[in-house]
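Colleague: next comes the sequence, and after it the predicted model I'd like to discuss.
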Amino acid sequence: MNLQPEHPHDAGIPEEVPDMSHIEGAELLANESRAALIEQGFTDDEIDEWALTYIAEKGSGDRESFIEWIASQERRT
C-alpha cells in the first residue's frame with residue numbers, strides 16, 4: 001500500500017484532537033505504526049497528527065486499521 005507522506009490537513013482532512021482521555025491511545029497508536037509509516041516517508045509530526053485525528057474520529061483502533069484509514073482518507077482527495 002503506497003501512502004502519500006503528508007499532514008492530514010494537506011490531504012484535505014481537518015485535523016482533530018481527541019479528548020484528554022484518548023490522547024494516550026493516540027500516542028500508543030502512533031508509536032506502534034511509526035516504523036511502517038516512516039518507511040513510507042512520513043515524518044514523526046505527520047504520524048502524530050494522523051494518529052490524533054484518527055483517534056478523535058474513531059475512538060480506538062489498531063495499526064492495520066489506522067494505516068488503511070490514512071490511505072482511504074488520502075484517496076478522497
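Modeller: Looks like it arrived, so ask away. Everything numeric in this text was worked out from a predicted model, so none of it was measured.

Colleague: just give me the residue closest to the centre of this structure.
Modeller: Central residue of the chain (CA atoms, centre = their mean): residue 50, 2.6 Å from the mean position.

Colleague: got a list of what that one touches?
Modeller: 7-8, 30, 37, 42, 66, 70 (CB atoms under 8 Å, 6 or more residues apart in numbering). Where C-beta positions appear, they are placed from N, C-alpha and C, glycine not excepted.

Colleague: got the contact list for residue 24?
Modeller: Contact analysis of residue 24 by CB under 8 Å, 6+ apart lists nothing.

Colleague: just the buried residues of stretch 8-21, please?
Modeller: 8, 11, 13, 18 (16 or more other CB atoms under 10 Å).

Colleague: the strand or helix carrying residue 64 packs against which elements?
Modeller: Using DSSP states H and E, residue 64 sits in helix 63-76. Where contact means 3 or more CB pairs under 8 Å, 6 or more residues apart in numbering; DSSP states H and E, helix 63-76 is packed against helix 20-39, helix 44-58.

Colleague: which one of the ones you listed is the most hemmed in?
Modeller: Most buried of these, by mean neighbour count (mean count of other CB atoms under 10 Å): helix 44-58, with a mean of 20.

Colleague: how far off centre is that one?
Modeller: 4 Å (CA atoms, centre = their mean, to the nearest Å).

Colleague: any chance of the helices and strands packed on helix 63-76 in a markdown table with mean pLDDT as columns?
Modeller: Output for the helices and strands packed on helix 63-76, formatted as a markdown table (pLDDT from 0 to 100):
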| stretch | mean pLDDT |
| --- | --- |
| helix 20-39 | 95 |
| helix 44-58 | 96 |
